[in-house]
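[1] Attaching a predicted model along with its sequence, questions to come.
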Amino acid sequence: MDLFALPPVAAVLGGAYHALMGLSHLLEPAFGAGAAAAAVVAVTLVVRAALVPVGVSQARAERMRVRLAPRVAELRRRHRKDPEALQRATMQLYADEGTTPLAGCLPLLLQAPVVGVIYAVFVHAEIAGGANALLGHTLFGVPLGSSLVGVLSGGAPGVAAVVVLGALVLAVALVGELTRRAALPGGPLAVPSATPASVGAPGMQRALGALQFVTAAVACVVPLAAGLYLLVTVAWTLVQRILLRRRFPLDPAAPGGGPAIP
């Protein structure tokens, strides 16, 4: 069963296609052959700008989690032999404070449909009953519907395609590494006076560090257009987190730490 053939999904796909085509036509005088790529970047910036309030809520939730970490550690000590009681007590603690352990996941959940739609637009040869004209658009001569894995597995890959697609994946990985380094002790995303209770066990920290590169792995297999979205959004995320960390530092008692969370 083709999910994208379902009428509601097909309608969304067709609307996204026509919107990108219209935006590409508007940007063509300024960007020429790269107009469709510029349209994807513009859509990404609009989506991320719309999610700024969600990012602020995420920063507040992260600060709340750090503040509650000692109490969560105490609950773990008290209920170390009863996982169900620990889960109930932890959820009750977060409920009493008006937050949830999953509050920081909202930006990712909200962006997933956007990435999925962009991916679908650039992998379908036909959309809305006609040929997909976006597949003829390129970035530096590389079709927006191509992927690094697809190019490398398709026989003799073109040098331009490998360079452009490889550079995109490396750029995503580089931003991930910058994000990881920024979260190290002394970095702008670091937790002040970090302790296992406030930032989690070392194994969890290694897992979180590895997650920075999952996006780069995804960028290897999605079309170039979706990879552009991923690159812009991870760069936006890094800059936004640095700015919001200054506004809402994780150490509420730090001098100049900003206003208390209501």
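    Ah, there it is. Numbering: from 1, shown residues only.

[2] I'd like to know which elements the helix or strand containing residue 181 is packed against.
    Taking DSSP states H and E as the criterion, residue 181 maps to helix 159-182. Helix 159-182 sits against strand 142-143, helix 148-152, helix 214-221, helix 224-247, with contacts defined as 3 or more CB pairs under 8 Å, 6 or more residues apart in numbering; DSSP states H and E. Heads up, the C-betas are built off the backbone N, CA and C, glycines and all.

[3] how about 10 Å then?
    strand 138-139, strand 142-143, helix 148-152, helix 202-211, helix 214-221, helix 224-247 (3 or more CB pairs under 10 Å, 6 or more residues apart in numbering; DSSP states H and E).

[4] Mind checking the ones you listed for the one nearest to residue 121?
    helix 224-247 (7.3 Å; CB to CB).

[5] So which other helices or strands are in contact with the closest one?
    helix 35-50, helix 52-78, helix 106-121, strand 138-139, strand 142-143, helix 148-152, helix 159-182, helix 214-221.

[6] If you compare the directions of it and helix 35-50, what angle comes out?
    Interaxial angle, helix 224-247 versus helix 35-50 (axes from the mean of the first three to the mean of the last three CA atoms, to 10 degrees): 30 degrees.

[7] what angle separates helix 224-247 from helix 214-221?
    Going by the same axes, to 10 degrees, helix 224-247 is angled at 170 degrees with respect to helix 214-221.

[8] how about helix 224-247 as CSV, C-alpha atoms only?
    Output of helix 224-247 as CSV, limited to C-alpha atoms (Å, rounded to 0.1, in the frame of the first residue of the first chain):
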residue,chain,number,x,y,z
LEU,A,224,19.8,16.5,-1.7
ALA,A,225,16.8,18.8,-1.1
ALA,A,226,15.9,17.1,2.2
GLY,A,227,19.6,17.1,3.1
LEU,A,228,19.6,20.9,2.6
TYR,A,229,16.7,21.1,5.1
LEU,A,230,18.6,19.0,7.6
LEU,A,231,21.8,21.1,7.3
VAL,A,232,20.0,24.4,7.7
THR,A,233,17.9,23.1,10.6
VAL,A,234,20.9,21.7,12.6
ALA,A,235,22.9,24.9,12.1
TRP,A,236,19.9,26.9,13.3
THR,A,237,19.5,24.6,16.3
LEU,A,238,23.1,25.1,17.4
VAL,A,239,23.0,28.9,17.2
GLN,A,240,19.5,29.0,18.8
ARG,A,241,20.6,26.8,21.7
ILE,A,242,23.7,28.9,22.4
LEU,A,243,21.6,32.1,22.4
LEU,A,244,18.8,30.5,24.6
ARG,A,245,21.4,29.0,27.0
ARG,A,246,22.6,32.5,27.6
ARG,A,247,19.0,33.7,28.2
